[in-house]
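*Asks:* output the structure for:
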Amino acid sequence: MMKRGVTQHEPIVQPVKIFVGGITGDTTRGRPAVMSEDLIEYFSRFADVLESFIVYENSSVYSHLEKSAGFGFITVNNRASANLVLSLPHTIRNTRVAWA
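*Replies:* Here you go, the predicted model:
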């Protein structure tokens, strides 16, 4: 029974942004460059990924022609998903990535 004047609310779910480092943008070492789509595809195994982006040196609209700065970010839907992602080691396109 609900008391008068008291409302029940759904728990507030806030997205969490996670730093992903060690991303290779150097294809000269035999490793393909990691793209934003790769982050979404990989991390979607563990969480609902809301957003993903990789930071590029001299970032512009022509980022596909530029060298990756070696890091990016993913945003997952909630803290529980973030904790799961952060609790596991990750290798994307033969590159072990760091996260925080």
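*Asks:* rest of the way, CA atoms for contacts and neighbours
*Replies:* Noted.
*Asks:* report the beta-bridge partners for the spatially most central residue of the chain.
*Replies:* Central residue of the chain (Cα atoms, centre = their mean): residue 74, 1.9 Å from the mean position. In this entry, residue 74 is beta-bridged to residue 18, residue 52, by DSSP bridges.
*Asks:* any chance you could map the helices in the protein?
*Replies:* Along the chain, counting by DSSP state H, helices occupy 36-43, 79-86.
*Asks:* name the helices or strands packed onto the last one?
*Replies:* The contact analysis (3 or more Cα pairs under 8 Å, 6 or more residues apart in numbering; DSSP states H and E) places helix 79-86 against strand 16-21.
*Asks:* how about the residue nearest to the centre of the chain, what does it touch?
*Replies:* By Cα atoms under 8 Å, 6 or more residues apart in numbering, the residues touching residue 74 are 17-20, 39-40, 49-53.
*Asks:* let me have the helices of the chain in CSV, extended by distance to residue 70.
*Replies:* Putting the helices of the chain into CSV (distance: least, Cα to Cα, whole Å) gives the following:
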stretch, distance to residue 70
helix 36-43, 12
helix 79-86, 18
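*Asks:* so which of those comes closest to residue 95?
*Replies:* Closest approach to residue 95 among the helices of the chain is made by helix 36-43 (11.9 Å; Cα to Cα).
*Asks:* could you tell me the angle between that closest one and strand 16-21?
*Replies:* Counting by axes from the mean of the first three to the mean of the last three Cα atoms, to 10 degrees, helix 36-43 points 110 degrees away from the direction of strand 16-21.
*Asks:* ok, residue 72 - contacts?
*Replies:* Neighbouring residues of residue 72 by Cα under 8 Å, 6+ apart: 19-21, 23, 52-55.
*Asks:* just the buried members of those?
*Replies:* Among the contacts of residue 72, those classed as buried by 16 or more other Cα atoms under 10 Å are 20-21, 23, 52-55.
*Asks:* so what's the residue count around the closest residue to residue 17 other than its chain neighbours?
*Replies:* Computed as Cα to Cα, 6 or more residues apart in numbering, the closest residue to residue 17 that is not its neighbour in sequence is residue 75, at 4.2 Å. Using other Cα atoms under 10 Å, residue 75 has 21 neighbouring residues.
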